[in-house]
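Engineer: structure of the sequence below:
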Amino acid sequence: MESASPLPTDSQKESIAQILQAGWHLLKLINEILDLAVIEAGRVSLSTEPVSLADVMSECQTMLEPEAQLRGIGMSFPVFEIPIFVSADRTRLKQVVINLLSNAIKYNTEQGKVVVECSTSTSTPERTRISVTDSGAGLSPEKVAQLFQPFNRLGQEAVGGVEGTGIGLVVTKRLVELMGGLLGVESTPGTGSVFWFELLSSAAPQLAFDSSAPAARDEVPVSPDALQHTLLYIEDNQANMKLVQQIIARRPDIKLLTAANGILGVEVARSALPTVILMDINLPGISGVRAMEILREDPNTADIPIIALSANANPRDIELCLAKGFFRYLTKPIKIKEFMETLNAALELREMKQC
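Structural biologist: Below you'll find the predicted structure:
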């Protein structure tokens, strides 16, 4: 209706805009209710691994700065001179940060500020604290006590102008707790609020070397007439991406292609037709499982062996992924010997199918 010919009149445009706005609001409400229902039922599947805060903050900043600029709100993010990693599910961590930033923008004053900071927890040194400070109206102690009640918007629905569901903060708090963290708030009426959460600090992702097979670290000798293979690695965690690049650098017979999400990975797979695909399960947008199903439905990519890679070592999840069509299922941290053996098996299978 919005793009119909002839174009709608001004009054029709106003009605269409209201319909669209209400529709998107309803969709958000449904999604958040579903998210909360899954959490309450204890059916959230988390892939906990070392996650770079610098990467997550950069992505969240790119997503939300345009929204802040529309209201003239300035945003300040930390500069990570030293890499900081936390133990978390990367997708859920981004969801937590985005929820807190969205609220800080939504309930801020015009021309206000949002400041994001990362530091070591003062009470628990083994944790990292991420705080989001806004210059909004602030909350009274009575309202702070009601913050994490589902569907309670603290009277904002009567004020008007700011849409919400009263579920986002509840989901955010539960997700932080499921990742082994804590979430809290400090607020002063007329000054603003600080929402913070803490997660266990972590070292950067490491390769798990097998001490019983030191030869696995060495570069694999390749004959000059060896076939050139292509490995597509679909992964949104840059630290893990670099680790795999280090491994594949020892294999001159393998060319590495990369994609940062499932949708892009499917596009690259269809255009490049790689020999083997290494697929992270926990991807933004569509999951690794869904990306694999799309590739299996395409005759051009249906025969490409796809290796699943995830921090989730739950036997049931592994069984389900293998049943859906993955060639093998590897868990993080990557074990070089196991990884190379799996990769070689996938290459051999691919060659047999092409003969």
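Engineer: got the CA coordinates for stretch 59-70 in CSV?
Structural biologist: Provided in CSV are the C-alpha atoms of stretch 59-70 (Å, rounded to 0.1, in the frame of the first residue of the first chain):
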residue,chain,number,x,y,z
GLU,A,59,29.3,-4.2,16.0
CYS,A,60,26.8,-2.8,18.5
GLN,A,61,28.1,0.7,18.0
THR,A,62,27.6,0.4,14.2
MET,A,63,24.1,-0.8,14.7
LEU,A,64,22.9,1.8,17.2
GLU,A,65,24.8,5.0,16.4
PRO,A,66,22.3,6.0,13.6
GLU,A,67,19.4,5.7,16.1
ALA,A,68,21.3,7.9,18.6
GLN,A,69,22.1,10.5,16.0
LEU,A,70,18.5,10.9,15.1
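Engineer: and for V171, the neighbour number?
Structural biologist: By other C-beta atoms under 10 Å, the residues close to V171 number 24. Where C-beta positions appear, they are placed from N, C-alpha and C, glycine not excepted.
Engineer: so where's this protein uncertain?
Structural biologist: 3, 25, 28, 150-166, 206-227, 355 (pLDDT under 70).
Engineer: where is the longest helix in it?
Structural biologist: Counting by DSSP state H, the longest helix found in the chain is helix 10-40.
Engineer: give me the contact list for whichever helix or strand comes after that helix.
Structural biologist: Next helix or strand after helix 10-40 toward the C-terminus (DSSP states H and E): strand 48-52. With contact meaning C-beta atoms under 8 Å, 6 or more residues apart in numbering, strand 48-52 is reached by 83-90, 93, 179-180, 202-205, 237-240, 311, 332.
Engineer: ok, 6 Å please
Structural biologist: The contact list for strand 48-52 (C-beta atoms under 6 Å, 6 or more residues apart in numbering) reads F85, V86, S87, A88, D89, R90, L93, S202, P205, A239, A311, K332.
Engineer: could you flag which of these are buried?
Structural biologist: Buried by 16 or more other C-beta atoms under 10 Å: F85, V86, S87, A88, D89, R90, L93, S202, P205, A239, A311, K332, out of the contacts of strand 48-52.
Engineer: those residues in strands, which ones?
Structural biologist: F85, V86, S87, A88, D89, S202 (DSSP state E).
Engineer: ok, which pair from those residues is furthest apart?
Structural biologist: The most widely separated members of these, counting by C-beta to C-beta, are F85 and D89 (13.4 Å).
Engineer: ok, the most centrally placed residue in the chain - contacts?
Structural biologist: Residue closest to the mean C-alpha point of the chain, counted by C-alpha atoms, centre = their mean, is T91 at 2.3 Å. T91 sits next to N282, P284 when contact means C-beta under 6 Å, 6+ apart.
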